[in-house]
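A.B. asks: Quick one, structure for this:
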Amino acid sequence: MVKKHINKKKQFEVNVDKGMKDGQRIIFRGEANQDINCEPGDLIVVLKQKKHPIFERINDDLYMTEKINITEALCGLKLIINQLDGRDLVLNNQIGQVISTGSSRCIMKEGMPIYKNPFEKGNLYIKFNVEFPENDFTSTEALKKLEALLPPRRKFTLPNNKTVDEVEMITYDESSADSKNSRHTRSNRGNLYRTEMDYEYMDDDDDDDDDQYGAGAERVECATH
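C.D. replies: Numbering: from 1, shown residues only. All right, here's what the predicted structure looks like:
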């Protein structure tokens, strides 16, 4: 009897359980290509999680960012979030509960199902960015009325025993400035290196003493429903 290969297509149904994560593997034992006088290997399916336009998944928790205006931040808001399972979540922030820009709220058990325990879920975290109005968005008279409702300004006293210069503030783009500072630093280091070479001297030590600061932890408030 002559042994030979036969080309044959076979379909596999891949069942993805609730809560499975990116990179997790589903294995079909003995279903890889077969060879004569050899044990067949395994067919391994590696899950690749698609990027979502709103939610970011970290372990079993979901994260999202929501923009709100200054009125919603100060005077309360109602917000609808479309959950991944098709449900609509209604968020209600009461009047008087101020939302500061960069702060977060937590909705308990509205994250991803936990693998092999799908009745339990992670949390949903919502970070708020508060959008302020444009310059001159209303009249001076209206701004004075608005100021009367807000906390008072800091008291200002002009020093009378020192030289005082009144200066003007301009709009500052931090990302653009960081890029310019980076180019300026590289240029200066290049000039220093060439100068040292001219004097036949080069320091091998790495003098990069830039301080590194960790980002401050954001304020997170959790709520149940």
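A.B. asks: how many other residues sit next to Gln83?
C.D. replies: Using other Cβ atoms under 10 Å, Gln83 is surrounded by 13 other residues. Any C-beta I mention is one placed from the backbone N, CA and C, and that applies to glycine too.
A.B. asks: what's near enough to touch it?
C.D. replies: By Cβ atoms under 8 Å, 6 or more residues apart in numbering, Gln83 lies in contact with Leu89, Glu110.
A.B. asks: Test my guess that Met20 contacts Leu47.
C.D. replies: Yes - with contacts counted by Cβ atoms under 8 Å, Met20 reaches Leu47, the gap being 6.0 Å.
A.B. asks: Neighbour count: the two, which is higher?
C.D. replies: A direct count of neighbours by other Cβ under 10 Å for Met20 and Leu47 places Met20 higher, at 17 against 13.
A.B. asks: Using the three-state scheme, assign that one.
C.D. replies: When classified by DSSP: H, G, I helix; E, B strand; the rest coil, Met20 comes out as coil.
A.B. asks: pLDDT score assigned to it?
C.D. replies: If you check Met20, the pLDDT there is 91.
A.B. asks: Ile26 now?
C.D. replies: For Ile26, the pLDDT comes out at 90.
A.B. asks: And what about it, helix, strand or coil?
C.D. replies: Criterion first, three-state DSSP; result for Ile26: strand.
A.B. asks: try Leu91
C.D. replies: Secondary structure, three-state DSSP: Leu91 is strand.
A.B. asks: can you count the residues close to it?
C.D. replies: 16.
A.B. asks: From Asn161, how far off is the residue nearest to it when sequence neighbours are not counted?
C.D. replies: Of all residues not flanking Leu91 in the chain, Leu79 sits nearest, at 4.3 Å (Cβ to Cβ, 6 or more residues apart in numbering). As defined by Cβ to Cβ, to the nearest Å, Leu79 lies at a distance of 52 Å from Asn161.
A.B. asks: Just the CA trace of stretch 132-151, in PDB.
C.D. replies: Taking Å, rounded to 0.1, in the frame of the first residue of the first chain, the C-alpha atoms of stretch 132-151 are listed here in PDB:
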ATOM      1  CA  PHE A 132     -14.200  76.600  27.700                       C
ATOM      2  CA  PRO A 133     -15.900  79.100  25.500                       C
ATOM      3  CA  GLU A 134     -14.100  81.200  22.900                       C
ATOM      4  CA  ASN A 135     -12.800  84.700  23.700                       C
ATOM      5  CA  ASP A 136     -15.500  87.500  23.800                       C
ATOM      6  CA  PHE A 137     -18.300  84.900  23.800                       C
ATOM      7  CA  THR A 138     -20.600  87.300  25.500                       C
ATOM      8  CA  SER A 139     -20.900  91.000  26.500                       C
ATOM      9  CA  THR A 140     -19.000  92.700  29.300                       C
ATOM     10  CA  GLU A 141     -22.300  93.300  31.200                       C
ATOM     11  CA  ALA A 142     -23.200  89.600  31.000                       C
ATOM     12  CA  LEU A 143     -19.700  88.700  32.200                       C
ATOM     13  CA  LYS A 144     -20.100  91.000  35.200                       C
ATOM     14  CA  LYS A 145     -23.400  89.300  36.100                       C
ATOM     15  CA  LEU A 146     -21.700  85.900  35.700                       C
ATOM     16  CA  GLU A 147     -18.800  87.000  37.900                       C
ATOM     17  CA  ALA A 148     -21.200  87.800  40.700                       C
ATOM     18  CA  LEU A 149     -22.300  84.200  40.800                       C
ATOM     19  CA  LEU A 150     -18.900  82.700  40.800                       C
ATOM     20  CA  PRO A 151     -16.300  82.500  43.700                       C
END
